[in-house]
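Asker: Sequence plus predicted model, see below.
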Amino acid sequence: MQDCLFCHIVDGDIPSTKVFENEYVLAFKDIHPVAPVHVLLIPKIHIQDTNHITDENVRYITEIYRVVDQVAEICGIKEEGYRIICNCGEDAGQMVPHLHFHLIGGAKLGEKII
Ligand code: AMP
Ligand code: ZN
């Protein structure tokens, strides 16, 4: 999709600190980390948010959950644990309209969500 920040990151037009990549998923470091580990996992096609998951594109989402333990292991937080957050829409404060999952860890996170 044109003028989507995360599509540009997938295409390599905008740089990112890549942590993991396969055919379906790109994981890269969040530019404003809220914890020692803060990585974004995104589908490599444009899906706006969880309201736009369909039978045709759901493989990209299941793949994110299939590889999240690998990404957590790369980041050194697999055993200690982590939190996954996905914001959808205005009330949730979704800032980038390309579906993404925050992988957060590396510290005791407490009860509050970001
Ligand atoms: P959300 O509020 O769920 O839409 O989260 C968007 C996230 O994208 C925020 O945590 C931002 O810090 C992060 N972000 C925005 N631009 C970039 C970028 N160019 N590279 C990495 N992370 C980014
Ligand atoms: Zn996009």
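Answerer: Done, it's in. Ligands and ions are numbered 1, 2, ... in the order given.
Asker: Next, count neighbours for residue 28.
Answerer: Residues near residue 28, counting by other Cβ atoms under 10 Å, number 20. Any C-beta I mention is one placed from the backbone N, CA and C, and that applies to glycine too.
Asker: Return the per-residue confidence for it.
Answerer: Note on residue 28: pLDDT of 98.
Asker: Please name the nearest non-neighbouring residue to it.
Answerer: residue 16 (3.8 Å; Cβ to Cβ, 6 or more residues apart in numbering).
Asker: Helix, strand, or coil at that neighbour?
Answerer: What DSSP: H, G, I helix; E, B strand; the rest coil gives for residue 16 is coil.
Asker: One more: residue 38?
Answerer: Under three-state DSSP, residue 38 falls in the strand class.
Asker: Cross-check the contact I'm expecting between it and residue 102.
Answerer: Yes. Residue 38 sits in contact with residue 102 when judged by Cβ atoms under 8 Å, with a separation of 6.6 Å.
Asker: So residue 67 belongs to a strand, correct?
Answerer: No. The assignment for residue 67, made by three-state DSSP, is helix rather than a strand.
Asker: hmm, back to that, for the residue nearest to residue 28, give me its contacts.
Answerer: Contacts for residue 16 (Cβ atoms under 8 Å, 6 or more residues apart in numbering) come out as 9, 26, 28-29.
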